[in-house]
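Asks: pasting a predicted model and its sequence here:
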Amino acid sequence: MRQRPSARLLLQSCQLGVSGFVGEMSSAVTTTVFNLLLLRLAGNVAVAAYGVVANFALVATAIFNGVSQGAQPLVSQCYGKRDRAGVRKLLGLGSGTALALAAALYLVVFGFTDALVAIFNSENSALMARYAFTGMRIYFIGYLFAGFNIVSSGYLSAVNRPTEASITSISRGVVAIVACSLVLSALFGMNGVWAAFPASEAMTVALTLFLLRGKRAAD
């Protein structure tokens with residue numbers, strides 16, 4: 001049976017996809033802002049160092065996206081059955097998995113920083129290696145927070161809370177990262193640029209917890 005297209009249903013479908021869209025676009029925003037700041041602070045060598053960090057960061061982000069996307073169908077199923085206990089349990093399992101993976105990831109980065117940087121340092125630039133070494137060790141602290149934010153954003157989409165999911169994604173992907181980059185780079189130079197990612201993710205954790213607790217209290 002033919003039906004006329006529904007603008008309302010189309011809008012609702014788009015709302016559920018906003019958080020995922022922003023999550024994918026955030027890497028472009030971060031790359032652009034960091035490149036401009038690093039180029040101004042230390043020139044092309046610093047930009048090359050960020051390229052090393054960004055390559056590994058893409059892999060790390062993909063890991064947590066996998067956890068989030070793997071949990072979403074299960075969360076949606078429990079939500080559809082009105083199984084609140086199951087939904088909360090899955091959120092806890094997803095968050096715990098993300099935290100464990102983030103800790104393991106940081107241990108690898110911290111223990112093998114030189115070897116990881118050397119993969120992309122074919123010219124054996126000592127300056128670039130030094131910049132990238134510091135950048136890796138500071139930047140990847142952010143995944144201790146980012147994993148929770150990514151999983152929580154997916155969870156919020158799965159339980160039909162697109163507004164909260166979008167707020168979380170926009171905060172970590174655009175607003176917080178840009179604000180932290182500008183402020184911290186002005187205060188601490190290159191180290192401030194590297195620290196912008198952990199700072200923005202930590203801020204978003206606080207926001208995400210507020211959104212999750214607010215809904216729970218309303219229930």
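Replies: Now that the structure is in, tell me what you want to look at.
Asks: element containing the residue nearest the centre of the chain, please.
Replies: The residue lying closest to the centre of the chain (CA atoms, centre = their mean) is Ala146, at 4.5 Å. For Ala146, the host element (DSSP states H and E) is helix 143-158.
Asks: now the very next helix or strand once past that helix - C-alpha only, CSV.
Replies: For helix 143-158, the following helix or strand on the C-terminal side (DSSP H and E) is helix 162-170. Extracted C-alpha coordinates of helix 162-170, given in CSV (Å, rounded to 0.1, in the frame of the first residue of the first chain):
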residue,chain,number,x,y,z
PRO,A,162,18.3,11.9,20.4
THR,A,163,18.5,15.4,21.9
GLU,A,164,20.8,14.2,24.8
ALA,A,165,22.9,12.1,22.4
SER,A,166,23.3,15.1,20.1
ILE,A,167,24.3,17.3,23.1
THR,A,168,27.0,14.8,24.1
SER,A,169,28.4,14.5,20.6
ILE,A,170,28.4,18.2,19.9
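Asks: just checking, next helix/strand downstream of helix 162-170?
Replies: helix 176-188.
Asks: show residues contacting that next one.
Replies: For helix 176-188, the external contacting residues (CB atoms under 8 Å, 6 or more residues apart in numbering) are 26, 29-30, 33-34, 37, 41, 192-193, 195-197, 199-201, 203-204. (Glycine included, C-beta is placed from N, CA and C.)
Asks: swap in 7 Å and give it another go.
Replies: By CB atoms under 7 Å, 6 or more residues apart in numbering, the residues outside helix 176-188 that reach it are 29-30, 33-34, 37, 41, 192-193, 195-197, 199-200, 203-204.
Asks: what strand or helix carries the nearest residue to Ile170 once chain neighbours are set aside?
Replies: Spatially, and ignoring its direct neighbours in sequence, Ile170 is nearest to Val22 (5.5 Å; CB to CB, 6 or more residues apart in numbering). Using DSSP H and E, Val22 sits within helix 7-42.
Asks: hang on, the earlier thing: gap between the residue nearest to Ile170 and Val109?
Replies: Applying CB to CB, to the nearest Å, the value for Val22 to Val109 is 25 Å.
Asks: Gln69 touches Tyr155, doesn't it?
Replies: No. Using CB atoms under 7 Å, Gln69 makes no contact with Tyr155, being 11.2 Å away.
Asks: these two: which has the busier surroundings?
Replies: Shown here are Gln69 and Tyr155; by other CB atoms under 10 Å, Tyr155 has more neighbours (27 against 14).
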